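1. Sequence and predicted structure below; questions after.
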Amino acid sequence: KVPLANPDFAPFLQRMKDAKPDAMFVFVPAGQGGNFMKQYAERGLDKAGIKVIGPGDVTDDDLLKDMGDAVLGTVTAHIYSAAHPSAVNKEFVAAYKKAYGQRPGFMAVGGYDGIHLIYEALKKTGGKTDGDALIAAMKGMAWESPRGPISIDPETRDIVQNVYIRKVEKVNGELYNVEFETFKAVKDPGKTK
C-alpha cells in the first residue's frame, strides 16, 4: 500500500521485488504512471519478471511513449486506447496529433465525447439550454465514439461503454495499448441490479 500523495515508489517497489510475485496490481493517480514505470525499471522489476496489471491510467496513451521498453507486456483495463482499431478513432488520433503534437489519452476522448453529447442534445432541443430539456434530450443517446460505441442510460443517465483489456506492445516501433478482450456495454456496477 503506497500513499497516494507520494511520488517516490522506490521503497515499495523494492519490497515487491523482494517478495518475488508473478505480478502486481497497481493503481496510481492519473499522470503518475510514467513516474511509477520509471522506478519499476530502475529497481529491475521488469528483469525480475514481475508483471504489472492495473487500470488503464497506469499506461495512459499520452504518457506511454516516455515509459520505455520496461512497460512492454503491462496489462490494463480501460475505456480507451489510441490504438483502438476503428475509423473514428484513427481520424480522432490524427487530428489530435496534428493539433497538439502528441497522441490523445482517455481525458482527451472524454472531453471529445462530452462536447459531442452537448452538441447533439442542443440540436435535439433546438438550441434550448434549459437544464431539464438538455438532460431529457441526452437520455438514451447513443453514438460511435473514438473509444467505441457509447450511450447514455435513460434510467441512470450514466455512460454505458466498453471496457477493454489491453497489453502494451510495440506497433511500428512505438508503444501502444493493444486491445485483446472487450467487455461490451458496461454500466456503472454500483447501479446495476
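-> Everything's here; your move. Just so it is clear, the structure is predicted and the values come from calculations on it, not from any experiment. Numbers count the residues shown, from 1 in each chain.
2. For residue 97, list the residues it contacts.
-> Neighbour list for residue 97: residue 103 [criterion: CB atoms under 8 Å, 6 or more residues apart in numbering]. Heads up, the C-betas are built off the backbone N, CA and C, glycines and all.
3. Spell out the residue ranges of the strands in this structure.
-> Remark: strands assigned in the chain by DSSP state E are 23-25, 51-55, 75-78, 142-145, 148-152, 159-171, 174-186.
4. can you list contacts of the biggest helix by length in the chain?
-> Longest helix in the chain, counting residues (DSSP state H): helix 106-124. Outside of helix 106-124, the residues within contact range by CB under 8 Å, 6+ apart are 30, 56-57, 60-62, 78-80, 92, 96, 104, 128-129, 134, 137-138, 141, 143, 145-147, 150, 152, 159.
5. follow-up on the earlier one: quick one: the strands of the chain as TSV, columns for mean pLDDT and mean neighbour count too.
-> Shown next, in TSV, are those (pLDDT from 0 to 100; neighbours: other CB atoms under 10 Å):
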stretch	mean pLDDT	mean neighbour count
strand 23-25	95	13
strand 51-55	95	18
strand 75-78	97	19
strand 142-145	98	15
strand 148-152	98	19
strand 159-171	97	18
strand 174-186	97	15
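6. Let's have the ones you listed in CSV, adding distance to residue 44.
-> Listed next are the strands of the chain as CSV, based on distance: least, CB to CB, whole Å:
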stretch, distance to residue 44
strand 23-25, 14
strand 51-55, 13
strand 75-78, 20
strand 142-145, 39
strand 148-152, 37
strand 159-171, 18
strand 174-186, 19
